[in-house]
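Colleague: I'll drop the sequence and a predicted model, then ask my questions.
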Amino acid sequence: MIRLTEINKTYPGAVPLHVLKGINLHVERGELVSIMGASGSGKSTLLNILGILDNYDSGEYLLDGTLIKDLSENKGAEYRNRMIGFVFQSFNLINYKNAVENVALPLFYQGVSRRKRNMLAMEQLEKMGLADRAHHLPGELSGGQKQRVAIARAMITNPSIILADEPTGALDSSTSRDVMALFRQLNRQEGKTIVIVTHDPGVGRQCDRVIRISDGLIIPDESIKTDN
Amino acid sequence: MRHNKLRTALTGLSVAWGIFMLITLVSVANGITRSFRENMMNSDTQKISVWGGVTTKPYHGYREGRSINLKNDDINTLGNEQREVVKEVTSELNGTQSGVSTNTTYVQAGFTGVFPSACELNKLDMLDGRFISQADLDKKAKVMVLPKQYAEQLFPPDGKKAVGQRVECAGLSFLVIGVYDARWRTIYIPYSTARVFSSDNDNLDQIILLLKGVTEIEQADNIEKDIRHTLASTHDFDPEDESGVWIWNAVSQALTVQGAMGILNIGVWVLGLLTLLSGVIGISNIMFVSVKERTHEIGIRRAIGAKPVKILTQILAESIAITTLFGYIGIVLGTALTEVLAAGIGSEMFAYAHVDLGIATQVTVVLIVAGALAGLFPALKALKVKPVEALRDE
């Protein structure tokens, strides 16, 4: 599903910063993986590239068989919209839109009619057990509810991958467990490919595989085991 | 926008004010233009009239102070010149006051001998019957066209039965063929008939040139000069002598007034638009603030797949919506004020001041353009927001 080959990324500047130094990464369809690394390890940059939010200098990124490289703004937006569902640490819901409108927003950018997208959004919210919160504004929801709304928004376009950035970072431990359970459920029942970027080992343990990144390079799996 | 209603309302107020000023100024200016047109241009604007004058310069051995009398031949001479712009050369002959009577009643009236074109030339409103025809002219027919007032007096109560009746004048029987309405009252009879009554058969009171398609003041002035030169050579007076013949150049006058009205209109638009500009800058400012405040939101939208053009149109639409909303408040207030001016102030200046559909359309276009303009730079700034912004914590 995701295949990164020798990805390099340097931030230009007075002192150019070589952040990713040849990343090779392979995520199969239906996998639930976590990417872990300390801050400054290049984790965020990797996430940006995976999410088509940023370009890379050399190498190759194939997402669901599509080469993602040097895309125009429009192409990038379209691919993000159709292939990637984002879940963020701070939920990133639009605070003056209610739950249904937030969930339906990606479909708005696909040109789906209001009626149809609100109907689909309602279905997603029902799956998340939030049907009774559909017309609440984000400010009226708890952290866990907000994150479930965000996950519903990520799911609504039926994307190739779900990309979650510290999804439990702003939640207490019991809510975190619920959210992780939800991710696992989506992974097991709907076969979603899910990539979770985190620095929480507890989150990592609930995934099929942990990919560790350090100093711009992936640490091979074998060495992880010895680490543990 | 909805987060900061007071800020938006205050800025919107400046747009409303700008539009209010614009619409009031424009409609008052339109009113002035219209009242000028109503008052000054009820006769044909393509008309040049010539009367005989008195010379003020000696010429070819003649002394100054000589009277110039227009002759019948001058009509043909002038008609042969400037052919492409001269539609017709005619004359009017003003008779002295005479009595007109029926069996029962009597009025004292002035007469004007005219050609058929006089109806159009003087923009006469024919109420009944017809105007003088070429046939009447050829036959020197004893027919007359009465003004409404005389028709009422001669054929009470309302003059409706006037057409077809006969009246007595100077011992002759005339047939009433039509009744007209205008601001003046003179009885029109065929020019040829009037000549019979006039003692001097060769002299003309005036010559009227009816032009067509003259739109430049310069052209009108040149025609006037040519007329003066032609008449100067036939009547032997100095072409530079302004009083040899008197010329009323209605064409040039109308064009001058038209030009002045055009300038007034432009000036009013410029003033109004400048006033509006401050409102537009205000809107632009709050849109900038709004884009800045919503950087994160725009980032989220970009991350979940909003194409740049969607972001652009969203900001522009918002800007246009605010501008148009407050603009319409201005339009309503401006319309109310002009209506009050038109109704309340007796002056003719304002009597014609109205916000008509034309102005409303123009102002709406101005509003949309202004809104788009106000939103343009903020929208371009919003475009620079990268989707990565979504990942930044607020």
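Modeller: Yep, it's here. What you see is a predicted model, and the numbers here were worked out from it, not measured in a lab.

Colleague: so what's residue 197 up against?
Modeller: By default, I'm working from chain A. If you count contacts by CB atoms under 8 Å, 6 or more residues apart in numbering or on different chains, residue A:197 has them with A:34, A:35, A:36, A:43, A:44, A:46, A:47, A:163, A:164, A:165, A:166. For the C-beta atoms, the positions are set from N, CA and C on the backbone; glycine is no exception.

Colleague: not quite, go with chain B.
Modeller: B:95, B:111, B:170.

Colleague: picking up where we left off before, what subset of the contacts of residue A:197 is also close to chain B?
Modeller: The residues of the contacts of residue A:197 that also fall near chain B, by CB under 8 Å from any CB of the partner chain, are A:44, A:47, A:165.

Colleague: helix/strand/coil for the residue nearest to the second one when sequence neighbours are not counted?
Modeller: Just to be clear, that refers to residue A:47. Nearest non-adjacent residue to residue A:47, counting by CB to CB, 6 or more residues apart in numbering or on different chains: residue A:197, 4.9 Å away. At residue A:197 the chain is in strand, as set by DSSP: H, G, I helix; E, B strand; the rest coil.

Colleague: can you give me the distance of residue A:197 to residue A:57?
Modeller: Going from residue A:197 to residue A:57 by CB to CB, to the nearest Å gives 21 Å.

Colleague: where does the stretch 251-394 of chain B have low pLDDT?
Modeller: B:345-353, B:390, B:393-394 (pLDDT under 70).

Colleague: one step back: closest to residue A:70 among the contacts of residue A:197?
Modeller: Nearest to residue A:70 out of those is residue A:46 (CB to CB; 17.9 Å).

Colleague: which ones among the contacts of residue A:197 are found in strands?
Modeller: If you go by DSSP state E, these have A:34, A:35, A:36, A:163, A:164, A:165 in strands.

Colleague: restricted to buried residues, select those in PyMOL.
Modeller: Those of the ones in strands among the contacts of residue A:197 that count as buried under 16 or more other CB atoms under 10 Å in any protein chain shown are selected in PyMOL with:
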select buried, chain A and resi 34+35+36+163+164+165
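
Colleague: which two among the ones in strands among the contacts of residue A:197 are spaced furthest apart?
Modeller: Greatest spatial distance in these: A:36 and A:163, 14.8 Å, computed using CB to CB.

Colleague: what sits against the residue nearest in space to the middle of chain A?
Modeller: For chain A, residue A:163 is the residue whose C-alpha lies nearest the centre (CA atoms, centre = their mean; 1.3 Å). Contacts for residue A:163 were tallied using CB under 8 Å, 6+ apart; they are A:47, A:50, A:51, A:84, A:85, A:86, A:87, A:195, A:197.

Colleague: would you list the residues you listed in JSON lines and tack on pLDDT?
Modeller: Shown next, in JSON lines, are the contacts of residue A:163 (pLDDT from 0 to 100):
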{"residue": "A:47", "pLDDT": "91"}
{"residue": "A:50", "pLDDT": "94"}
{"residue": "A:51", "pLDDT": "93"}
{"residue": "A:84", "pLDDT": "95"}
{"residue": "A:85", "pLDDT": "94"}
{"residue": "A:86", "pLDDT": "94"}
{"residue": "A:87", "pLDDT": "94"}
{"residue": "A:195", "pLDDT": "95"}
{"residue": "A:197", "pLDDT": "92"}
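
Colleague: from those, which is closest to chain B?
Modeller: Nearest to chain B, judged by CB to the nearest CB, of these is residue A:86 at 5.6 Å.

Colleague: and the helix or strand that closest one falls within, which strands flank it?
Modeller: In the assignment (DSSP states H and E), residue A:86 maps to strand A:84-87. Strand A:84-87 sits in its sheet next to strand A:161-165 (parallel), going by DSSP bridges.

Colleague: return the residues of the stretch 201-350 of chain B in contact with chain A.
Modeller: Residues of the stretch 201-350 of chain B lying near chain A by CB under 8 Å from any CB: B:296-297, B:300-310.

Colleague: can you check which helix is longest in chain B?
Modeller: Secondary structure of chain B per DSSP state H: the longest helix is helix B:250-293.

Colleague: and the next helix or strand past that helix?
Modeller: Note on helix B:250-293: by DSSP H and E, the next helix or strand toward the C-terminus is helix B:295-303.

Colleague: contacts for that following helix, please.
Modeller: A:51, A:53, A:77, A:80, A:86, A:92, A:94, A:105, A:109, B:291, B:306, B:308, B:310-311, B:382, B:385-392, B:394.
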